[in-house]
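Visitor: I would like to see how this sequence folds:
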Amino acid sequence: MNLRMMWAWALWMLPLLCRFSLAVLPAKPENISCVFYYKKNFTCTWNPEKEANFTWYKVKRTYSYGQKNDICNSTSEKGASCSFFLPSITNPDNYTIQVEAQNSDGITESDITHWRLDNINLLMEVNFTKDIDRDETYNLTGLQAFTEYVIVLQCAAEDSRFWSGWSQEKMGTTEEEAPLGLDLWRVLRPAKVDGRRTVKLLWKKTKGAPVLEKTLGYNIWYFPENNTNLTETTNTTNQQLELYLGDKTYWVSVISYNSLGESPVTALRIPAIDEKPFQCIEAMQARLTQDQLAVEWRSSTPEVDTWMVEWFPDLDSEPSTFYWESVSQTRNWTIQQDKLQPFWCYNISVYPIWQDQVGEPYSIQAYVKEGVPSSGPVTKAENIGVKTVTIAWKEIPKSQRNGFISNYTIFYEAEDGKKFSKTVNSSILQYDLESLTRKTSYTVQVMASTSAGGTNSTRINFKTLSISVLEIGLITSLIGGGLLILIILTMAYGLKKPNKLKHLCWPDVPNPAESSIATWHGNDFKDKLNLNGIDDSLNMEGDRILKPCSAPRDLIDKLVVNFENFLEEVSTEESGKCQENILGGEKNEYVTSPYRPYCSLGKTFTEPPISTEALPQKPQYLCSGMPEEVCSEAGEQPLSSAQSLGPDHLCEDGTPNPYLKNSLATREFLMSEQLPDQTK
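Guide: Predicted structure coming up:
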């Protein structure tokens, strides 16, 4: 639906745009000249005389000192002239003349000109001498200065009723006079950091004054209100000037000059920055008539009867041209529509003037013609939720609005084809869409509308969320709250039963030295475990008995690997020999580490049962591949309960040392009965 509407708008606007781009308006009528033929007609001519296209001319006249008005019609085929005839010609009188040219593309109007009939009547009778061979001269008096006149002659014989035809026209311009007065205005800029400000001065000829001279230049001087000694002067040929003034009250004066003299001085007071202007305008409105824009206002101060009307286009950048006009004895102002650009917004301000004071202005905006916006607003989606989204857009640039934005309409469509719309006023630049569907894609457009129509923005897409931030926060809060409650309960339990909590968090690690297994074989076994308490004499004796073996120095610091292996007794039948692990027997045997020095495989030993009784006091000879003299010497040293084996003894006897942890030098491995011979 929206696409069809857009195409319809495009097809409707295309001819208008093409026509607008190819339109050729008629040339503006200029150099209007009017002649009053006594008791005949009042004729006006203008330039250009010919037009490329057929043109209708309409000459608007006001007469009887502004009380009446009428129109004279002509075409380009008849020439650029038109005449008013009796009895509507009144003399003396003041006429205003404006020429309107119209073709198929539009209308163009000339400036309004003013004519005083008693100054433009060239029609008079003059008597000449009978000597026709001599050139006759006649001086025309009462003419207007710096004005162009057209002269024609016709003659008649004395006492004759018949006149000749008119002679060829001759044109001439009267001499100029000293300049007349000026209208002066100013545009105040904001003050800068240093307190100074820029003031733009504007001036032009007094409204309605005829052009009687050719101005050569302008003199400007200005000074603080209370100090004329600081007067500064400047000169220019332009009709505007920028001054850099302080924050105090200043007076500015301007005169124009030509070859014949100077104009009267026109002065203007520039108020101080902190001066508060008076207020008297209560309300103001603008309305369009058939061909004019009329502005009316209401004042609360009857004494104020002079106003300054200021207007300029409202653009995104500062306008380069300001238009202004003085109005007196009235509270309304009109301007021809053709003097304002269509589709442009104008700021119109009215300043009350009382003596030398300028009051607070009252401002409004107006269009002489509105159109659809040139482009739609720039749109984006924000704060996308599960069922809501914020649609935000920017204002259309002033140069592209083409009219007052009356409202915005948000069109949005779901992926299932359902369409919705919302309309808001022109002051709103974002809108929250609600009641959307979770996890659904949407397409959105925003249309900006004027009194002439609307223009859509580009399409944007968004997709609603499957889970909202609130829901995520709620779940997180529940989990976090549960953890917090668990921590609080754990702390409370720890305060109530600290030992149990400590035991659960940091369990005790058994100390092998304090193990109760040492009590199984009496105090003699404790003496054997207390290797750190071996005295030096026993070490010396052990060194004498088992010298070929040297144990690592940290042997006594190792943890117990297998206490049962330490209780092994060497069989009396195989005493003094290393035992070979016999595979395939009924019971598993122990294999000594192959890394033991001086120990060789091939001998066997049996494991006696574990007993809690004291070890037998008969001598136990622990030999493993030692030389015979060493072994025999060791056999003479019986093991007693009062002695414990030193490190050297433990190495030689092949019995696993319970104090070694992961030591390859003394570790023994449990072998399976069914495994093949692993010692080979």
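
Visitor: could you give me the buried positions within the helix or strand harbouring residue 409?
Guide: Element membership for residue 409 (DSSP states H and E) is strand 407-414. Using 16 or more other Cβ atoms under 10 Å as the test for burial, strand 407-414 gives 408, 410-413. (C-beta placed from N, C-alpha, C; glycine too.)

Visitor: packing partners of the helix ranked longest in the chain?
Guide: Criterion DSSP state H: the longest helix present in the chain is helix 469-496. Contact analysis of helix 469-496 by 3 or more Cβ pairs under 8 Å, 6 or more residues apart in numbering; DSSP states H and E lists helix 498-505 as its packing neighbours.

Visitor: name the residues that touch the helix it packs on?
Guide: 490, 493-494 (Cβ atoms under 8 Å, 6 or more residues apart in numbering).

Visitor: closest to residue 236 among those?
Guide: residue 490 (90.6 Å; Cβ to Cβ).

Visitor: ranges for the helices of the chain?
Guide: Using DSSP H, helices in the chain cover 2-22, 117-120, 398-401, 469-496, 498-505, 522-529, 536-545, 563-566, 628-635, 647-652.

Visitor: now the closest residue to residue 112 other than its chain neighbours: how far from residue 113?
Guide: Taking Cβ to Cβ, 6 or more residues apart in numbering as the measure, residue 112 lies nearest to residue 98, with 4.8 Å between them; neighbours along the chain are not counted. Applying Cβ to Cβ, to the nearest Å, the value for residue 98 to residue 113 is 7 Å.

Visitor: can you pull the contacts of residue 391?
Guide: Neighbouring residues of residue 391 by Cβ under 8 Å, 6+ apart: 379-382, 410, 412, 430-433, 444, 446.

Visitor: PyMOL command to pick out the buried ones of these?
Guide: Buried members of the contacts of residue 391 can be picked out in PyMOL with the line below, counting by 16+ other Cβ under 10 Å:
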select buried, resi 379+381+410+412+430+431+433+444+446
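
Visitor: mind checking which of the contacts of residue 391 land in strands?
Guide: Using DSSP state E, the members of the contacts of residue 391 that fall in strands are 379-382, 410, 412, 430-433, 444, 446.

Visitor: in the stretch 151-300 of the chain, where is pLDDT below threshold?
Guide: 208, 210 (pLDDT under 70).

Visitor: number of residues surrounding residue 167?
Guide: Look at residue 167: counted by other Cβ atoms under 10 Å, it has 11 neighbours.

Visitor: then residue 439?
Guide: Based on other Cβ under 10 Å, the number of other residues close to residue 439 is 11.

Visitor: that one contacts residue 468, doesn't it?
Guide: No - using Cβ atoms under 8 Å, residue 439 is not in contact with residue 468, being 11.2 Å away.

Visitor: residues contacting residue 170?
Guide: Residue 170 touches 150-152, counting by Cβ under 8 Å, 6+ apart.

Visitor: now the buried members of the residues you listed.
Guide: Using 16+ other Cβ under 10 Å, nothing in these comes out buried.

Visitor: can you check the pLDDT for residue 666?
Guide: Per-residue confidence at residue 666 stands at 45 (pLDDT).

Visitor: repeat for residue 321
Guide: Looking at residue 321, the pLDDT reads 82.

Visitor: distance of the nearest residue to it once chain neighbours are set aside from residue 99?
Guide: In space, residue 321 comes closest to residue 312 once its chain neighbours are excluded; the distance is 6.7 Å by Cβ to Cβ, 6+ apart. Relative to residue 99, residue 312 is positioned 27 Å away (Cβ to Cβ).

Visitor: next: residue 203.
Guide: Residue 203 is 27 Å from residue 99, by Cβ to Cβ.

Visitor: ok, residue 45 next?
Guide: 10 Å.

Visitor: more neighbours: which of these two?
Guide: Comparing residue 45 with residue 99 by neighbour count (other Cβ under 10 Å), the higher total belongs to residue 99, at 25 against 18.

Visitor: which ones are touching the more buried one?
Guide: By Cβ under 8 Å, 6+ apart, the contact list for residue 99 reads 29, 32, 44, 46, 57-60, 109-110.

Visitor: okay, these in CSV with neighbour count, distance to residue 458 and pLDDT next?
Guide: Below are these laid out as CSV (neighbours: other Cβ atoms under 10 Å; distance: Cβ to Cβ, whole Å; pLDDT from 0 to 100):
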residue, neighbour count, distance to residue 458, pLDDT
29, 23, 46, 87
32, 19, 51, 86
44, 24, 54, 88
46, 23, 50, 86
57, 23, 47, 90
58, 16, 46, 91
59, 24, 51, 92
60, 16, 48, 92
109, 20, 41, 87
110, 20, 45, 88
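
Visitor: check those and tell me the two furthest apart.
Guide: 44 and 109 (14.2 Å).

Visitor: what sits up against the strand holding residue 409?
Guide: 2, 377, 391, 393, 419-426, 428, 431, 433, 436-437, 440-449, 454, 456.

Visitor: give me the buried subset of the residues you listed.
Guide: Burial by neighbour count, judged by 16+ other Cβ under 10 Å, picks out 377, 391, 393, 431, 433, 436, 440, 442, 444-449, 454, 456 from the contacts of strand 407-414.

Visitor: for residue 53, state which of these is nearest.
Guide: Among the buried ones among the contacts of strand 407-414, and counting by Cβ to Cβ, the member closest to residue 53 is residue 454, at 34.6 Å.

Visitor: so how far is residue 390 from the closest residue to that closest one other than its chain neighbours?
Guide: Spatial nearest neighbour of residue 454, chain neighbours left out: residue 447 (4.4 Å); criterion: Cβ to Cβ, 6+ apart. According to Cβ to Cβ, residue 447 and residue 390 sit 18 Å apart.

Visitor: same check, this time on residue 425
Guide: 17 Å.

Visitor: which of the ones in strands among the contacts of residue 391 sits closest to residue 164?
Guide: residue 446 (78.1 Å).

Visitor: distance check, that closest one against residue 73.
Guide: 49 Å.

Visitor: and for residue 146?
Guide: Going from residue 146 to residue 73 by Cβ to Cβ gives 31 Å.

Visitor: neighbour count winner among the two?
Guide: residue 146 (16 against 10).

Visitor: how about that one, what does it touch?
Guide: Going by Cβ under 8 Å, 6+ apart, residue 146 touches 173-177, 210-214.

Visitor: name the nearest residue to residue 89, sequence neighbours excluded.
Guide: residue 42 (5.2 Å).
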